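Chemist: kindly return the folded structure for what I paste below:
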Amino acid sequence: MAEKKSKPVSVVTGGAGFLGSHLIDRLLSEGHRVIAIDNLITGNMANIGHLAGNGNFHFIKHNVSNFIFLPDEKLDYVFHFASPASPIDYLELPIPTLKVGALGTHNTLGLAKDKKAAFILASTSECYGDPLVHPQKEDYWGNVNPIGPRGVYDEAKRFAEAMTMAYHRYHKVDTRIVRIFNTYGPRMRLRDGRVVPAFIGQALAGKPLTVFGDGSQTRSFCYVADLIDGIFKLAMSDFHEPVNIGNPREMTIKQFAEEIIRITGARSTIDYKPLPVDDPKVRQPDISRAKKILGWEPKVQFEEGIKKTIEYFRNALKGAGSN
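Modeler: Next comes the predicted model:
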């Protein structure tokens, strides 16, 4: 029992999600006890199924937009990763998205304050909107349409950052803010609307790949293991300003589609459709701050990471086909 008490204890909201589940694996490997909280609105128990029976892991089904009650727990870290995060999700769930960014952040900050725990906010490159500065540095304030369809996500995260800094300045809570850029890897949902699972799913099914606009818009893709490494290093640091974590290797959506077709060996063509409202034209992190403060930069090459991701989706599709 004494050994259990001596382990650092971390809460991860959104723990059954893509990033939350990978973060939990990393924390457990670093000797933490982990309490995952998720209402499963977009999370999936399959992402944490391998942790069943692990004495250092506990799952609570709960919506963090409601009060969080953990009366007897000593906590060292609160990672707030709960939120719909893909366009399909936050366009279908606009009010829960706003609530988890506002009320969920308030509740998790209150938990961290009460338990004297460090607080780590999963923010997003969407805070930069459709940026007028390229690449994006943390001191750029962004170009966001607050009343557009994407505003429910962008403004929820911007508000979450403002509240996090308010708790840091006013209540002296030990906070971190990570601005997460496009990330890919195993455990992404096949039909979550983001470009990586969309293209891979279409290619594996032999369907045309749907490219919005002319495909000249850019994204920078970071493999999930690299991203989680950056987040862990930030959590263990004492740096309070926002930090970009992502891969600065930029490519156009058209190039990305062509790479997926090449690597999967699909015979798919590319199908062009109109660009969605307020879709960012460019997205590339400046990671100078992460390099300097955390000694972090991504290591996984695109081809290596994308092959692992394609393999994951291949197996997931086989499993779905056999059910």
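Chemist: use CA for all of it now, contacts and neighbours both
Modeler: Will do.
Chemist: pLDDT score for the nearest residue to Leu190 once chain neighbours are set aside?
Modeler: The spatially closest residue to Leu190, leaving aside those adjacent along the chain, is Pro197, at 5.0 Å (C-alpha to C-alpha, 6 or more residues apart in numbering). Note for Pro197: predicted pLDDT of 92.
Chemist: Pro197: neighbouring residues, count only.
Modeler: Pro197 is flanked by 22 other residues according to other C-alpha atoms under 10 Å.
Chemist: for it, what is the enclosing helix or strand?
Modeler: helix 195-204 (DSSP states H and E).
Chemist: helices or strands up against that helix?
Modeler: strand 209-212, helix 253-264, helix 302-322 (3 or more C-alpha pairs under 8 Å, 6 or more residues apart in numbering; DSSP states H and E).
Chemist: who does the strand or helix carrying Phe119 touch, helix- and strand-wise?
Modeler: According to DSSP H and E, Phe119 maps onto strand 118-124. With contacts taken as 3+ C-alpha pairs under 8 Å, 6+ apart, strand 118-124 sits against strand 77-80, helix 105-115, helix 151-171, strand 175-180.
Chemist: rerun that using 7 Å as the cut-off
Modeler: In terms of contacts (3 or more C-alpha pairs under 7 Å, 6 or more residues apart in numbering; DSSP states H and E), strand 118-124 is packed against strand 77-80, helix 105-115, strand 175-180.
Chemist: so what strands line up beside the shortest one?
Modeler: Read it as strand 77-80. strand 9-13 (parallel), strand 118-124 (parallel) (DSSP bridges).
Chemist: thinking again about what came up before, got the angle for the helix holding Pro197 vs helix 253-264?
Modeler: For helix 195-204 against helix 253-264, the angle by axes from the mean of the first three to the mean of the last three C-alpha atoms, to 10 degrees is 50 degrees.
Chemist: if we can go back for a sec, relative to Phe18, how far out is the residue nearest to Leu190?
Modeler: Note on Pro197: its distance to Phe18, by C-alpha to C-alpha, to the nearest Å, is 12 Å.
Chemist: list residues touching both of the two?
Modeler: Met188 (C-alpha atoms under 7 Å, 6 or more residues apart in numbering).
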